[in-house]
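Enquirer: pasting a predicted model and its sequence here:
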Number of protein chains: 4
Amino acid sequence: MFQIDLKCRKPIYEQVIEQYKELIMAGVLKPEEKIPSVRDLAKQLTINPNTIQKAYRELESQGYIYTVSGLGSFISAPSQGAIDRQKIEELKETVRRCLKELLYLNCPRKEIMDIVRELQLSEKEGDQK
Amino acid sequence: MFQIDLKCRKPIYEQVIEQYKELIMAGVLKPEEKIPSVRDLAKQLTINPNTIQKAYRELESQGYIYTVSGLGSFISAPSQGAIDRQKIEELKETVRRCLKELLYLNCPRKEIMDIVRELQLSEKEGDQK
Amino acid sequence: MFQIDLKCRKPIYEQVIEQYKELIMAGVLKPEEKIPSVRDLAKQLTINPNTIQKAYRELESQGYIYTVSGLGSFISAPSQGAIDRQKIEELKETVRRCLKELLYLNCPRKEIMDIVRELQLSEKEGDQK
Amino acid sequence: MFQIDLKCRKPIYEQVIEQYKELIMAGVLKPEEKIPSVRDLAKQLTINPNTIQKAYRELESQGYIYTVSGLGSFISAPSQGAIDRQKIEELKETVRRCLKELLYLNCPRKEIMDIVRELQLSEKEGDQK
DNA sequence: GTGGTCTAGACCACT
DNA sequence: GTGGTCTAGACCACA
């Protein structure tokens, strides 16, 4: 279920966080669903439990999971209310930076637009300027 | 010309790399243009020369600048030939991941499309400001 | 295991790189095998850890080893896929240049052919010792 | 006549040496032929005269050229007598190292043998073991 | 003047 | 424990 790439430069705990986020956002993991305990996941991935613990703590502080001591950890429902502007701006900045670099590397524009299309970001729903 | 944030978690030498890349990609720094010497930039930013050198060395190995020992460092012309597919795919994956997260965070689609528009990525010519 | 010549003009970190490459290419060090930590090797060779780290970092960027922060460094499996044409051409050019010079210096052709034979490069199967 | 690559990591004076050697070994420059003065070559290549001077000094000490003060520098006749064993061994070692790396990089053996063939190192003239 | 190498030693993040 | 970053300062080769 999880694929950890040790050769990758990214810290393992970040890889765990990222993959949880993707599974949550893709709807594979649904709200209130129980996730493996720190110890179980650590054993499964043959990774130090401390590393998993750190990932869970971070996921909790970012609001993606919550932990009930004695019962385990569970997926949170997406917060509909307050939008995390700061995080959104960070992400937008990252996107901007990557797109610029893609253009500089002569990546065909079509490929870039394809990513946008994949995500059904098309301008329907009355979004045009 | 450069803004280094010492408190930021990102290593200083990476900040230098990133800012150089942006200046190069934006066309502010042009091919064959001389950039400050390691010592000069270090003095200017009140940073240890070794740190700047590390940044320059990395920029060189990534093909953004070239260095002539005894003369200084210069902006490279973008490589026309071999396109770095691996790097492109990595960047595309990052963009994909960020866009997904933006959608999950309920970022208005208009904002996302605006980023694309800023970069004049649309294939048609209707690049209204 | 390593022989560093401090008097030699070649930088220490390059000597380390070269010797690692030879051990890897000779099959003495096998993929996934752990290599000494930066600190250990530094202590063993009575060399500053920074110098070893520089060597390791270069070996990693050349794809010979990979590093897991907090765990150590390991031998990479040789990349099967994309062949590094540029590097191959550089090496071929170096060989060409050296061979020309050997001929000019009146090195007996037999000695040169012996090098080729040592490496069992002949396309036929007559690899007599 | 000379092509200096500033982007290349190799010191300029070494590039000059190398190119002179190649021209001499290829017979383009013949014994007793006069070569440009330090100042002329420096102007022609838009390079610091000190750099050319260093190259000439080195070429002279390696026996490829000789200098008559007041007259200029000239190509030496190849020394038929004493063979520079040390240099030969160095070159052979370099060849060996490069060939090993080529094999490791999966360079087709045919390409390697082609280099040998180009130089007419074939086993005629009674060189076989 | 330039960059390149190296040392000694500090501090931090990750496992 | 591991590697990664950074500083301060020395020395050398190159132009």
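Expert: Sure, I can see it.

Enquirer: can you tell me the helix or strand for the residue positioned nearest the centre of chain A?
Expert: For chain A, the residue nearest the mean C-alpha position is A:K21 (3.0 Å; Cα atoms, centre = their mean). Per DSSP states H and E, A:K21 falls inside helix A:12-25.

Enquirer: tell me which residues in that helix are buried?
Expert: Buried residues in helix A:12-25, counting neighbours by 16 or more other Cβ atoms under 10 Å in any protein chain shown, are found at A:12-13, A:15-17, A:20-21, A:23-25. All C-beta spots, glycine's among them, are computed from the backbone N, C-alpha and C.

Enquirer: any part of it near chain B?
Expert: Yes. Against chain B, helix A:12-25 shows contacts by Cβ under 8 Å from any Cβ of the partner chain at A:18, A:21-22, A:24-25.

Enquirer: just to revisit the earlier point, distance check, the residue nearest to the centre of chain A against chain D.
Expert: As judged by Cβ to the nearest Cβ, to the nearest Å, A:K21 and chain D stand 39 Å apart.

Enquirer: quick check: nearest residue in space to that residue, chain neighbours excluded?
Expert: A:Y64 (6.2 Å; Cβ to Cβ, 6 or more residues apart in numbering or on different chains).

Enquirer: do the same with A:I12
Expert: Using Cβ to Cβ, 6+ apart and skipping residues adjacent in sequence, the residue nearest A:I12 is A:T51, 5.2 Å away.

Enquirer: can you give me how far whichever strand or helix holds that neighbour is from the chain middle?
Expert: Assigned by DSSP H and E, A:T51 belongs to helix A:49-61. Centroid separation for helix A:49-61 versus its chain: 14 Å, with Cα atoms, centre = their mean, to the nearest Å.

Enquirer: the helix or strand following it: partners in the sheet, and parallel or antiparallel?
Expert: Remark: after helix A:49-61, the chain's next helix or strand is strand A:65-68, criterion DSSP H and E. Paired strands of strand A:65-68, with direction, are strand A:72-75 (antiparallel) (DSSP bridges).

Enquirer: so what's the gap between the helix or strand just after the partner strand and the chain middle?
Expert: Next helix or strand after strand A:72-75 toward the C-terminus (DSSP H and E): helix A:85-104. Distance, stretch centre to chain centre, for helix A:85-104: 16 Å (Cα atoms, centre = their mean).

Enquirer: tell me the buried residues in helix A:85-104?
Expert: So helix A:85-104, judged by 16+ other Cβ under 10 Å, has buried residues A:88, A:91-92, A:94-104.

Enquirer: stretch A:43-63 too?
Expert: Residues A:45, A:47, A:51-52, A:54-56, A:58-59 are the ones in stretch A:43-63 that count as buried (16+ other Cβ under 10 Å).

Enquirer: farthest pair within those residues?
Expert: Greatest spacing in the buried residues of stretch A:43-63, by Cβ to Cβ: A:L45 and A:E58 (16.3 Å).

Enquirer: near chain B at all, stretch A:100-119?
Expert: Yes. Against chain B, stretch A:100-119 shows contacts by Cβ under 8 Å from any Cβ at A:100-107, A:109-113, A:115-116, A:118-119.

Enquirer: give me the buried entries from those residues.
Expert: Taking 16+ other Cβ under 10 Å as the criterion, what is buried in those is A:100-105, A:107, A:112, A:115-116, A:119.

Enquirer: quick one: secondary structure of the residue of chain A found nearest DNA strand F?
Expert: Of all residues in chain A, A:R9 sits closest to DNA strand F, at 7.3 Å by Cβ to the nearest atom of the strand. Secondary structure, DSSP: H, G, I helix; E, B strand; the rest coil: A:R9 is coil.

Enquirer: how's chain A carved up into domains?
Expert: What automatic domain parsing lists as the domains of chain A is A:12-75, A:85-118.

Enquirer: now tabulate those domains in JSON lines and tack on distance to DNA strand E.
Expert: As requested, the domains of chain A are exported to JSON lines (distance: least, Cβ to the nearest atom of the strand, whole Å):
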{"stretch": "domain A:12-75", "distance to DNA strand E": "3"}
{"stretch": "domain A:85-118", "distance to DNA strand E": "17"}
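
Enquirer: which ones are touching A:Y20?
Expert: Applying Cβ atoms under 8 Å, 6 or more residues apart in numbering or on different chains to A:Y20 gives the contacts A:29, A:35, A:55, A:59, A:64-65.

Enquirer: just flag the most distant two among the residues you listed.
Expert: A:L29 and A:A55 (14.2 Å).

Enquirer: with adjacent residues omitted, what lies nearest to the residue in chain A that chain C sits nearest to?
Expert: Residue nearest to chain C within chain A (Cβ to the nearest Cβ): A:K7, separated by 4.2 Å. Leaving aside its chain neighbours, A:K7 sits nearest to C:Y66 (4.2 Å; criterion: Cβ to Cβ, 6+ apart).

Enquirer: can you spell out which residues form a bridge with the one you found?
Expert: Counting by DSSP bridges, C:Y66 forms beta bridges with C:F74.

Enquirer: low pLDDT regions in chain A?
Expert: Per-residue confidence for chain A (pLDDT under 70) gives these ranges: A:80-83, A:121-129.

Enquirer: for chain A, what lies in contact range of chain C?
Expert: A:6-7, A:9, A:11.

Enquirer: kindly recompute the last result at 6 Å.
Expert: A:6-7 (Cβ under 6 Å from any Cβ of the partner chain).

Enquirer: in PDB, could you pull the C-alpha coordinates for the helix or strand A:I112 falls within?
Expert: If you go by DSSP H and E, A:I112 is part of helix A:109-118. Extracted C-alpha coordinates of helix A:109-118, given in PDB (Å, rounded to 0.1, in the frame of the first residue of the first chain):
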ATOM      1  CA  ARG A 109       3.200  23.300 -23.500                       C
ATOM      2  CA  LYS A 110       0.700  20.600 -24.500                       C
ATOM      3  CA  GLU A 111       2.200  18.300 -21.800                       C
ATOM      4  CA  ILE A 112       1.700  21.000 -19.200                       C
ATOM      5  CA  MET A 113      -1.800  21.700 -20.200                       C
ATOM      6  CA  ASP A 114      -2.500  18.000 -20.100                       C
ATOM      7  CA  ILE A 115      -1.800  18.000 -16.400                       C
ATOM      8  CA  VAL A 116      -4.400  20.700 -15.900                       C
ATOM      9  CA  ARG A 117      -6.900  18.800 -18.000                       C
ATOM     10  CA  GLU A 118      -6.300  15.600 -16.100                       C
END
